[in-house]
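> I'd like to go over a predicted model; first the sequence, then the structure.
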Amino acid sequence: MASGDFKACIFIQSHLISISEKEIENVTPLEIRNHLDSCPGCALLIQRFARAWKSVAQQEETRPTPSFFPILIKRIEAYEEKNSGWIGILASVWRILRPAALAVIFLGGIFTGNEMGKKRNIPPGPEQSFTDRFLDSFENIPRGSVADFYINRQNSKKEDLE
């Protein structure tokens, strides 16, 4: 390994873990030391990586609190109880069939629109809307009926006020 050699820098960069743990094969530590002495970039890289690698190795083992597993088991059992019986079966079936139901509704809308277009069934215009037909029905109220009393009596009082 020649110092300042580009291949040496690539070797150092690709073997950071083995160099930090001093478990290098096919290269003597003296060759690596000579390259690190002549290449400040690789020396800085090895120094930073070795420091980071040691801090990872020295971390404490994390363990869950003693109450973690009992609480987890209770939550799982509560979830399973909630989803047991017919309600759970229906919920599972609905989860599976929901996409199919949406596809059927979507395709049904497309086919219905297609059939309406074939038969020239055009939706009624604004003059034939429900509200117009509803209001037109008030014109045909028989005289003397209860509806006539309420509608005409209130209209006559309003006309007297104006």
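Thanks, I have it. Numbers count the residues shown, from 1 in each chain.
> What are the structural domain limits within this protein?
6-57, 67-149 (automatic domain parsing).
> can those go into a markdown table with extra columns for mean pLDDT?
Below are the domains of the chain laid out as a markdown table (pLDDT from 0 to 100):
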| stretch | mean pLDDT |
| --- | --- |
| domain 6-57 | 81 |
| domain 67-149 | 80 |
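> Out of those, indicate the one that is most buried.
Using mean count of other CB atoms under 10 Å, the stretch among the domains of the chain with the greatest mean number of neighbours is domain 6-57 (a mean of 14). The way it works is simple: take the backbone N, C-alpha and C, and place the C-beta from them, glycine included.
> so where's the longest helix in the protein?
helix 85-118 (DSSP state H).
> Dump the following helix or strand past it to PDB, restricted to CA.
The helix or strand immediately downstream of helix 85-118 is helix 130-136, counting by DSSP states H and E. Once non-C-alpha atoms are left out, helix 130-136 reads as follows in PDB (Å, rounded to 0.1, in the frame of the first residue of the first chain):
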ATOM      1  CA  PHE A 130     -89.000  19.200  -7.500                       C
ATOM      2  CA  THR A 131     -89.400  22.600  -6.000                       C
ATOM      3  CA  ASP A 132     -91.200  23.900  -9.000                       C
ATOM      4  CA  ARG A 133     -93.600  21.000  -9.000                       C
ATOM      5  CA  PHE A 134     -94.100  21.400  -5.300                       C
ATOM      6  CA  LEU A 135     -94.900  25.100  -5.500                       C
ATOM      7  CA  ASP A 136     -97.200  24.400  -8.500                       C
END
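> Please consider this matter closed, and thank you.
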